[in-house]
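Asker: Got a predicted model here, sequence first, then my questions.
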Amino acid sequence: QVQVVESGGGLVQAGGSLRLSCAASGRTWRTTVMAWFRQAPGKERELVAAITWSDSPTHYADFVKGRVTISTDNAKNTVYLQMNSLRPEDTALYYCAASSTWVPNPNTVHYWGQGTQVTVSS
């Protein structure tokens, strides 16, 4: 089993920044890929960014390229999502996920966190 716990969400004005954190524990060696997904009300869950524990490769959805950076701290078993230039359309529940598939999709995720809310006001 792998447990993932997100933190760092909140309310921010458009153009602002947030850093999300995801702490992984348990048998983390069984899941080589970590990712962030998001889901807005009435919409499907979508991949935001993905990374391996070796920090390479990385993958970004087109709608966040240039605004978001995913990174890991292996010593802390933690994955970060730095989000800059946030837009109201980025408002969603952001989920951390662990997978063994590259590039992950919602059907190939083994473990999900509970989610952290990001709200961007205009």
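Answerer: Sure, I can see it.

Asker: Can you give me the end-to-end span of stretch 35-51?
Answerer: 6 Å (CA to CA, to the nearest Å).

Asker: Any idea what the nearest residue to Asn105 once chain neighbours are set aside is bridged to?
Answerer: Spatial nearest neighbour of Asn105, excluding adjacent residues (CB to CB, 6 or more residues apart in numbering): Leu47 at 6.5 Å. For glycine as for every other residue, the C-beta is placed from the backbone atoms N, C-alpha and C. Residues in a beta bridge with Leu47, per DSSP bridges, are Phe37.

Asker: My read is that Leu47 contacts Thr101, right?
Answerer: No: contact between Leu47 and Thr101 fails when scored by CB atoms under 8 Å: they sit 11.3 Å apart.

Asker: Comparing those two, which residue is more hemmed in?
Answerer: Taking other CB atoms under 10 Å, Leu47 and Thr101 do not tie; Leu47 has more neighbours (19 against 15).

Asker: Specify the beta-bridge partners of Ala97.
Answerer: Beta-bridge partners for Ala97, by DSSP bridges, are Ala35, Trp112.

Asker: Give me the distance between it and Gly115.
Answerer: According to CB to CB, to the nearest Å, Ala97 and Gly115 sit 10 Å apart.

Asker: OK, contacts around the residue nearest to Asn105?
Answerer: Neighbour list for Leu47: Ala35, Trp36, Phe37, His59, Ala61, Val103, Pro104, Asn105, Pro106 [criterion: CB atoms under 8 Å, 6 or more residues apart in numbering].

Asker: more neighbours, Ala97 and Gly115?
Answerer: For the pair Ala97 and Gly115, the greater number of neighbours falls to Ala97 (26 against 17), based on other CB under 10 Å.

Asker: Might you list the low-confidence residue ranges for this structure?
Answerer: 30 (pLDDT under 70).

Asker: repeat that with 80
Answerer: Applying pLDDT under 80 to the chain picks out residues 28-31.

Asker: At the geometric centre of it, which residue sits there?
Answerer: Centroid-nearest residue in the chain, with CA atoms, centre = their mean: Trp36, separated by 2.0 Å.
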